[in-house]
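# Predicted model and sequence follow; I will ask about them next.
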Amino acid sequence: MKHIVKIFTILVAVSALWMWLLKTAVLPESYTWLLPIYFIVSLGCYGLVMVGVGLMQFPTCPQEAVLLQQDILEAQTFLKTRGVDVG
């Protein structure tokens, strides 16, 4: 719930800033109307960067690899008893 409140607060703050820029004409109107698009594109770029950073820092789990290999061997023996060729 706290995350939703934080996102909603940021959205309200950005919307208020955008409406203030539209009313005061600090920036040219053609630029001000494009700010939401720039914001969405920037948010998408940020998301892609965070996914990339997460993939680069992906932790290796040797214990989980051993457990996965044991599960694979168990599944192969189960399938062999059922007459499935697992090659």
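Good, I have the coordinates. Numbering: from 1, shown residues only.

# helix or strand for Phe8, which one?
Using DSSP states H and E, Phe8 falls within helix 2-24.

# how distant is the lengthiest helix in the chain from the center of its chain?
Assignment by DSSP state H gives helix 29-56 as the longest helix of the chain. Counting by C-alpha atoms, centre = their mean, to the nearest Å, helix 29-56 is centred 12 Å from the centre of its parent chain.

# tell me which residues in that helix are buried?
Thr32 (16 or more other C-beta atoms under 10 Å). No exception for glycine: its C-beta is placed from N, CA and C like everyone else's.

# same for it, what does it pack against?
helix 2-24 (3 or more C-beta pairs under 8 Å, 6 or more residues apart in numbering; DSSP states H and E).

# Specify the angle between the helix it packs on and helix 29-56 in degrees.
For helix 2-24 against helix 29-56, the angle by axes from the mean of the first three to the mean of the last three C-alpha atoms, to 10 degrees is 160 degrees.

# outside of helix 2-24, which residues touch it?
Helix 2-24 has contacts (C-beta atoms under 8 Å, 6 or more residues apart in numbering) with Leu27, Glu29, Thr32, Trp33, Leu35, Pro36, Phe39.

# could you point out which element follows the longest helix of the chain?
That would be, after helix 29-56 and using DSSP H and E, helix 62-81.

# Name the SS class of Val26, please.
Secondary structure assignment for Val26 (DSSP: H, G, I helix; E, B strand; the rest coil): coil.

# tell me the pLDDT at it?
Listed pLDDT for Val26 reads 75.

# Can you pull the phi/psi pair for it?
Backbone torsions of Val26, given as degrees, to the nearest 10, read phi -70, psi -40.
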